[in-house]
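Participant: Need coordinates for the below:
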Amino acid sequence: MNIVLLAGSPSTPSRVATLIEYVAARLVAHDARTEVFDLNAFEPASLVYANTRAPAVQRYIQAVAAADALVVATPVYQSSFAGALKLLLDLIPQNGLRDKSVLPIAAGGSPHHLLTLDYALKPVLASLGADRVLGGVYASGPDLVRDDDRYRIQAGIRERLDAAADELASHLRPSTAQPLALRRVEPGRGRTVFATAPGEWLRKAAG
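Facilitator: Numbers count the residues shown, from 1 in each chain. From the prediction side, this is the model:
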């Protein structure tokens with residue numbers, strides 16, 4: 001599993017970066033390869049002018065193209081996601097998220113902006129062709145407590161982040177289950193016929 005995580009907040013420290021750091025660690029525990037892109041690592045001009053020749057932007061575009069999934073985290077401003085994050089998303093080509101899953105995360109000051117994920121961020125991710133957009137996680141003020149120069153994630157939101165990261169990893173992990181074998185005993189012939197699909201009954205019986 002190759003997963004790119006976007007921390008779309010210009011603040012330092014930021015609640016968004018704290019959430020991304022936590023989710024990345026959870027995904028690594030699932031044997032995922034993760035790469036985090038923090039908004040502050042980009043030159044502002046390279047984002048505003050979509051300078052695809054800038055080394056940081058090139059690396060970002062290549063990482064997204066190679067990823068199986070993205071985790072996109074944003075602060076909530078004026079009941080919407082961060083405009084600076086939109087600049088990052090605009091660097092992704094049309095349908096650049098095709099065949100990829102996306103876990104959206106938002107951090108707002110109060111629970112009143114919960115629907116920001118559904119009505120603002122998810123439509124943009126869908127327009128980029130995301131194969132599957134998970135339900136997402138919304139963190140409000142009490143979920144992250146400021147402690148000097150960092151934030152601490154509280155127990156309730158930690159459980160929700162764990163569940164979301166586990167769901168994403170489960171969706172990406174190839175199934176190891178074997179096809180279910182159905183058994184039928186043919187009357188009067190003493191034969192048992194196994195098949196993994198309905199159409200195989202006749203083929204196996206004839207053989």
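Participant: Who are the packing partners of the longest strand along the chain?
Facilitator: Once the chain is assigned using DSSP state E, the strand that runs over the most residues is strand 69-77. Judged by 3 or more Cβ pairs under 8 Å, 6 or more residues apart in numbering; DSSP states H and E, strand 69-77 is in contact with strand 2-7, helix 15-28, helix 83-90, strand 101-107, helix 155-172. (Each C-beta comes from the backbone N, C-alpha and C, glycine too.)
Participant: Same list, these, but as TSV with mean pLDDT please.
Facilitator: Below are the helices and strands packed on strand 69-77 laid out as TSV (pLDDT from 0 to 100):
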stretch	mean pLDDT
strand 2-7	96
helix 15-28	96
helix 83-90	93
strand 101-107	95
helix 155-172	94
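Participant: Of these, which is nearest Leu115?
Facilitator: Closest to Leu115 of the helices and strands packed on strand 69-77, according to Cβ to Cβ: strand 101-107, at 9.9 Å.
Participant: residues in contact with stretch 118-132?
Facilitator: When contacts are defined by Cβ atoms under 8 Å, 6 or more residues apart in numbering, stretch 118-132 is touched by residues 70, 72, 74, 79-81, 86, 89, 92, 94-102, 104, 106, 133, 136, 171.
Participant: Let me see the mean pLDDT of that stretch.
Facilitator: Averaged across stretch 118-132, pLDDT comes to 93.
Participant: Could you work out the end-to-end span of that stretch for me?
Facilitator: Counting by Cα to Cα, to the nearest Å, you get 14 Å between the two ends of stretch 118-132.
Participant: same deal with stretch 146-158?
Facilitator: Stretch 146-158 has an end-to-end distance of 15 Å (criterion: Cα to Cα).
Participant: Residues contacting that stretch, please?
Facilitator: With Cβ under 8 Å, 6+ apart as the contact definition, stretch 146-158 has outside contacts at 13-15, 18-19, 22, 137, 139, 142-145, 161.
Participant: Now list the buried members of these.
Facilitator: Among those, those buried by neighbour count (16 or more other Cβ atoms under 10 Å) are Ser14, Arg15, Thr18, Leu19, Tyr22, Val137, Ala139, Asp143, Leu144, Leu161.
Participant: Pairing partners for the longest strand of the chain, with directions?
Facilitator: According to DSSP bridges, strand 69-77 has the following sheet partners: strand 2-7 (parallel), strand 80-81 (antiparallel), strand 101-107 (parallel).
Participant: In CSV: those, plus mean neighbour count and distance to Asp31.
Facilitator: Formatted as CSV, the strands paired with strand 69-77 follow (neighbours: other Cβ atoms under 10 Å; distance: least, Cβ to Cβ, whole Å):
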stretch, mean neighbour count, distance to Asp31
strand 2-7, 23, 11
strand 80-81, 20, 30
strand 101-107, 25, 16
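Participant: before we move on, the earlier item: any idea of the angle the longest strand of the chain forms with helix 83-90?
Facilitator: 150 degrees (axes from the mean of the first three to the mean of the last three Cα atoms, to 10 degrees).
Participant: okay, strand 69-77 in PDB with CA atoms only?
Facilitator: What follows is strand 69-77, C-alpha atoms only, in PDB (Å, rounded to 0.1, in the frame of the first residue of the first chain):
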ATOM      1  CA  ALA A  69      -4.800   6.200  -1.800                       C
ATOM      2  CA  LEU A  70      -4.700   9.700  -0.300                       C
ATOM      3  CA  VAL A  71      -5.500  11.100   3.100                       C
ATOM      4  CA  VAL A  72      -6.500  14.700   2.700                       C
ATOM      5  CA  ALA A  73      -6.800  16.900   5.800                       C
ATOM      6  CA  THR A  74      -7.900  20.500   6.000                       C
ATOM      7  CA  PRO A  75      -8.800  23.200   8.500                       C
ATOM      8  CA  VAL A  76     -12.200  24.700   8.200                       C
ATOM      9  CA  TYR A  77     -12.400  28.400   7.200                       C
END
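Participant: Right, I'll leave it there.
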